[in-house]
Structures are given as structure tokens and as C-alpha cells.
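Engineer: Sequence isn't available, so here's the structure alone:
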């Protein structure tokens, strides 16, 4: 039975929708909504209306996450009158959790997000993505640029349509030759049968290495082929980063434990098969280069999403004003250096013509 502490943070799951308890500030439980998108899936999202003259910011999270990843940004921008749309992405939280990897094709997920924006009556929003959320932000820029005034990418920069054209084994060979290790080698384990249960059975070990204090450890214990499988099966522990409090970690773990990780891991299965690369063939070539203002917050101590790689790609594929901030941070920039990220984003947004 869950302890009282866990119950206080638990979500009530019914019909794939989640009810937020009142004790998860800064989120107001009355501002959560559920929408059946065009292809029949339910999306759960937070929607806070903008004050007059303020734009709406759309925040897209990655793995292994939920709307809760954006708690510091919601607190900061909500208090300043900015509108907010913060969904649980497909496979997470109160949003539908299909088990077919094909359902996670970016062209389909982008349309889901547009359905949410249409339901909210939004145009010219500021789009902000982290991790796989940055990939979906990239594809929204490719397929639906008319909906956004600007794009912000955190830790993971703009992902061009041909970024993953190489088959996954060849990507590993290339990164091993350049970096000395496969920075995306862990995708192989995440795509394997039973990985979800191995993670859940060793959840504390998983959270330690996914949110570590010393990100150099990810070079040996997370990124390379076979590394995280061995780390988890041996129940190894490392010191977690202090940018996630024990209370916040409890919330994050419970949100993911609700219905397991089989669905979220599909975000990796589309990368290790041809689903992603085949899907990207449909991107309009005229939209491959971004033609609106871009912000990129690079994480200099992220040894998986390599800052220099994404700085170069974002520079190469931006035809408008580009703002690059480099943070002395690991992958979780919006948590680890939240105040700096919030201030930099605010300054950038205030300089936009919206």
C-alpha cells in the first residue's frame, strides 16, 4: 500500500485522465483539461489564460517526464501574466498511452498538439521544448509554422529533417568514432523487450543516473551500448542532483509509476527503427530552415545531447534572429539553472514582436 506521503502526491487515473491534487503548486487543479484529439487519443494538459497583450507559451516535455517538469517555468511566467499550455505528451500522465510505436510518429503528434491549440483558440504562441519535446517543437516548426511566433529549445536544439537519416547502428558507429562512446547507445536498451519492467524494478537506480549530480558519470554508466542495462540490473546507486528535491522526486516517480513505462519507451523505439526517418520524409522542404526567432539554451555538461552539435545544427538551420545561451548545467537546464533559464527566456520573449 502506498504511504500517506505518496498518496498525497498521487493522481487519480480514470479513463486515461488525471486529476491534479491541490497540493502541487504552482499548478491550479481547476486549469487542467482533457481533449479528445482528431485521431481519438485523450490529451491531458494545463491551460492558463494570458493577460491582455501577453502571448501564450507552449511547453513540451521529454523523457521520462510530464507537465510537472515545467513547474519552475509555470510559476515564473504565470505570475507575470503569460498564457500557458503544458501538456502531458503522448504516453505520459493523464494522456493516452498507446503501445504501438507507430502512434508516436512526429507528424501525428504534431497534429495532436495543433488540435489542443485550436481548442484553445491560439495563434502565434511561443513554442518551448526540452529533450524529445524539442524534437516535437522542431516538427511543429516544420509542419505548422503559422501557429507560432518563435521557438525555444532547451538542451536539445533544433532537429533538422535529415538529422536521423543514418540508421541507428551507423549513428552509434559515428558517435563512437567521434566521441569515443555511443552517446545514444542507451536507446538500444530502451527499445528492448522488458526494459520498462527492469527500470521500474530498479527505479531509484534509474532516477539517480538520469538526474545525476555528476553528469560525467553518464559517459560510462548511461550512454554507451549496454551500460544502463548493467547499471540497473546491478542496482547501482550514484548521488542524484540536488536540483530535484526528495519531495519532487517522489512526485516524478509516482507520475511515471501510475501506468508504467511501456508507452513512454516508444519514443525510443521509433528512433531505433525506420519509423522516425520514414516519417520525416514528409516534411515540406521549404520549412526545413527556421524562419522565425529562435532561442537555444545549451547544456554544457550534457554528455548525451552534446551542446556543440546542437549549436552548430541550430546555427545552420536558422534564417532569423538566433539567441544562444550556454549554461553550466547538465541536461535538465530548466531545473538545474531554473532562475537563469527563466530570466533569459523572459528577456528573449520580451524582445519579440508578438
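Structural biologist: Arrived safely. Keep in mind that what you see is a predicted model, and the values were worked out from it rather than measured.
Engineer: quick one: the helix or strand that contains residue 187 to chain centroid distance?
Structural biologist: If you go by DSSP states H and E, residue 187 is part of helix 186-190. Helix 186-190 has its C-alpha centroid displaced from the chain centroid by 17 Å (CA atoms, centre = their mean, to the nearest Å).
Engineer: and if you look at stretch 54-70?
Structural biologist: Worked out by CA atoms, centre = their mean, stretch 54-70 lies 7 Å from the chain centre.
Engineer: secondary structure class for residue 119?
Structural biologist: Using DSSP: H, G, I helix; E, B strand; the rest coil, the structure places residue 119 in helix.
Engineer: what's near enough to touch the closest residue to it other than its chain neighbours?
Structural biologist: Closest residue in space to residue 119, ignoring its immediate chain neighbours: residue 35 at 5.4 Å, by CB to CB, 6 or more residues apart in numbering. Heads up, the C-betas are built off the backbone N, CA and C, glycines and all. Residue 35 makes contact with 42-43, 45, 115-116, 119, according to CB atoms under 8 Å, 6 or more residues apart in numbering.
Engineer: could I get the residues you listed as CSV with secondary structure, pLDDT and neighbour count?
Structural biologist: Shown next, in CSV, are these (DSSP: H, G, I helix; E, B strand; the rest coil; pLDDT from 0 to 100; neighbours: other CB atoms under 10 Å):
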residue, secondary structure, pLDDT, neighbour count
42, strand, 99, 16
43, strand, 99, 25
45, strand, 98, 25
115, helix, 99, 17
116, helix, 99, 18
119, helix, 99, 16
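Engineer: Let me know the closest of those residues to residue 264.
Structural biologist: residue 43 (14.8 Å; CB to CB).
Engineer: Next, the most centrally placed residue in the chain: secondary structure please.
Structural biologist: For the chain, residue 62 is the residue whose C-alpha lies nearest the centre (CA atoms, centre = their mean; 1.9 Å). Residue 62 falls in the coil class when you classify it by three-state DSSP.
Engineer: Torsion angles phi and psi at it?
Structural biologist: When read as degrees, to the nearest 10, the backbone of residue 62 gives phi -120, psi -140.
Engineer: my guess is it meets residue 131, correct?
Structural biologist: Yes - using CB atoms under 8 Å, residue 62 makes contact with residue 131 at a distance of 2.2 Å.
Engineer: which residues in the stretch 1-150 of the chain form helices?
Structural biologist: For the stretch 1-150 of the chain, the helices defined by DSSP state H, counting those that start in this stretch cover 4-9, 71-78, 106-120, 132-143.
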